[in-house]
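K.L.:
need the 3D shape of this:
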Amino acid sequence: MKSSFISSSAIQNAMRLTIRQAQNQMTKATMEATTGVYADIGVSLGGNAARSVDFSREVDRIASIKSSNSLVTARMESSQLGLSKMKDVGDGLVSKLTALQGSHDPGSITVAIQSATSALSTMMDTANTMVNGEYLFSGINTDVQPLTDKTTATSAAIVTQLNAYAAALVPPKAVKDLTGAEMSTFITTKVEPMFTEAAWTDPTTGWSQASSQNMTSRISNSEVIESSTNANSEGMRYFALASVMTSALLGQGLSSDAMSTVSKQAISYTTKATSGLVTQASQLGLSQERVKKSNDALDAQSNIIKNKLVDLQGVDPYEASTLVKTLETQLETAYTIVSKIQQLSLVNYL
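P.N.:
Sure thing, here's the model as predicted:
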C-alpha cells in the first residue's frame, strides 16, 4: 500500500495566494463601487481607452473655458456697478445745476461747485477701481491706473483762457461783463476742445493712461467678445468736462446771463455723460448675455460628453457592491481556514 503526504504548509501557502488575489480583486471592486468607473481604464476598455481619454480631455477643456468665463463675468459685473454709480452721481449733479438756473445766489453757486467737485471725485475713484489685480476701466492696459486728476491744472487753464478771451473781444471786456452768447462761444471753442480724446489721452498733460482698445475674451470655441470698457469714452470725458467747467467758471463773478449759460451747458454735458455711460453699460450687457448663452451651451455639451463617458467606462455600482460583499465572505472563509490549519499539531494526537 502506497501512502501520500498532505502538507499543512502547502495548504497554508495556497490559501495565502488565494487571500492575496482576493484582496487585489476587492481593492479593484471597492474602487469601482465607489467611483462608478473601471479601476483600470486601459485594461477594461482596450482599444476604446483612447476615446475615453479624448472625452475626458474635452470635459476638462470645457471646464477651463467656464472657469475663464466666470472671471470675465465678474469683471463685467463690477464694471456695470461702477458705471451705474457714475450715472447716479451724474443725475444728482444735473439736479443741482437745474436748481442753480432758478437762483444765482452765492449759496446756490457754492452748492453747485461743491456738487461738481464731489461728482468728479466719485467718478475718478470709480474709474480707478481694481478687481483681481486689474483696473476695470483701463482697456487692455489693465496694469495701469486709468485716470489722474488734472482738475487744478485744467481749471487754471480755463480761467487763463477766459481772461484772454474777454480781453481779445472788440471792444475788450471784463469777465464779469461777458454775455451768455459770448460765454457759450468760449465754452464750445476753448473749453470743450480740452476734453477731446486726443487731449484726454495726451501722454504729458492728459487725464487718461487707459487704452481705447477694450479687452477681448474667448467664451467658447468660436466666440470672442469685448469683455471690458475704458475711461476714454465720451461718457467719462463729458463727465469731467461738466464738472471741471462748473467748478472753474461759476466762481469767476459772471453775469446772470453768462452764469445761466454755464449751467445750461454743464447740464447738457452731464446729460451726454450719463447717456454715454448707459451706452457703455448696454454694450457690456450684450457681452454678459453672450457669456450666459455660451455657458448654457457649454453645459449642454459637457453633459452629452459625460454621458458618453459613463456609457464607455461606467460600471454597474450594484454589481460592483455585490462583488465586494462576495469577496469579503471569501476572505473571511480563507482567514478562518488558515487559522484552523495553524492550530493543527501532531502533539494533539500523541
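K.L.:
which stretch of helix or strand covers the nearest residue to residue 63 once chain neighbours are set aside?
P.N.:
The shortest distance from residue 63 to any non-neighbouring residue, by Cβ to Cβ, 6 or more residues apart in numbering, is to residue 302 (7.4 Å). Where you see a C-beta, it was placed from the backbone N, CA and C, and this is true even at glycine. Secondary structure from DSSP states H and E places residue 302 in helix 256-313.
K.L.:
gap between that helix and the chain center?
P.N.:
Centre-to-centre, helix 256-313 and its host chain are 12 Å apart (Cα atoms, centre = their mean, to the nearest Å).
K.L.:
show me what that helix is packed up against.
P.N.:
helix 41-45, helix 49-102, helix 106-127, helix 180-186, strand 224-226, helix 234-249 (3 or more Cβ pairs under 8 Å, 6 or more residues apart in numbering; DSSP states H and E).
K.L.:
Throw these into JSON lines and include distance to residue 213, mean neighbour count and mean pLDDT, thanks.
P.N.:
Shown next, in JSON lines, are the helices and strands packed on helix 256-313 (distance: least, Cβ to Cβ, whole Å; neighbours: other Cβ atoms under 10 Å; pLDDT from 0 to 100):
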{"stretch": "helix 41-45", "distance to residue 213": "46", "mean neighbour count": "14", "mean pLDDT": "56"}
{"stretch": "helix 49-102", "distance to residue 213": "15", "mean neighbour count": "17", "mean pLDDT": "89"}
{"stretch": "helix 106-127", "distance to residue 213": "17", "mean neighbour count": "18", "mean pLDDT": "92"}
{"stretch": "helix 180-186", "distance to residue 213": "34", "mean neighbour count": "18", "mean pLDDT": "95"}
{"stretch": "strand 224-226", "distance to residue 213": "9", "mean neighbour count": "17", "mean pLDDT": "94"}
{"stretch": "helix 234-249", "distance to residue 213": "16", "mean neighbour count": "25", "mean pLDDT": "95"}
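K.L.:
adding distance to residue 215, write these out as a markdown table.
P.N.:
Listed next are the helices and strands packed on helix 256-313 as a markdown table, based on distance: least, Cβ to Cβ, whole Å:
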| stretch | distance to residue 215 |
| --- | --- |
| helix 41-45 | 40 |
| helix 49-102 | 8 |
| helix 106-127 | 16 |
| helix 180-186 | 39 |
| strand 224-226 | 7 |
| helix 234-249 | 17 |
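K.L.:
which of those sits closest to residue 284?
P.N.:
Proximity to residue 284 (Cβ to Cβ) singles out helix 49-102 among the helices and strands packed on helix 256-313, at 5.1 Å.
K.L.:
residues in contact with the spatially closest residue to residue 117 that is not a sequence neighbour?
P.N.:
Nearest non-adjacent residue to residue 117, counting by Cβ to Cβ, 6+ apart: residue 247, 5.4 Å away. If a contact means Cβ atoms under 8 Å, 6 or more residues apart in numbering, then residue 247 has 113, 116, 117, 120, 151, 155 as its contacts.
K.L.:
residue 247 and residue 237, how far apart?
P.N.:
16 Å (Cβ to Cβ, to the nearest Å).
K.L.:
same deal with residue 195?
P.N.:
5 Å.
K.L.:
tell me the domain boundaries of the protein?
P.N.:
Taking automatic domain parsing as the domain assignment, the ranges for the chain are 55-303, 319-350.
K.L.:
residues contacting the closest residue to residue 116 other than its chain neighbours?
P.N.:
Spatial nearest neighbour of residue 116, excluding adjacent residues (Cβ to Cβ, 6+ apart): residue 246 at 3.8 Å. Residues near residue 246 by Cβ under 8 Å, 6+ apart: 93, 97, 112, 113, 116, 262, 263, 266.
K.L.:
farthest-apart pair in these, please.
P.N.:
93 and 262 (13.3 Å).
K.L.:
from residue 105, how far off is residue 111?
P.N.:
10 Å.
K.L.:
no, scratch that, I was asking about residue 81
P.N.:
On the measure of Cβ to Cβ, residue 81 and residue 105 end up 37 Å apart.
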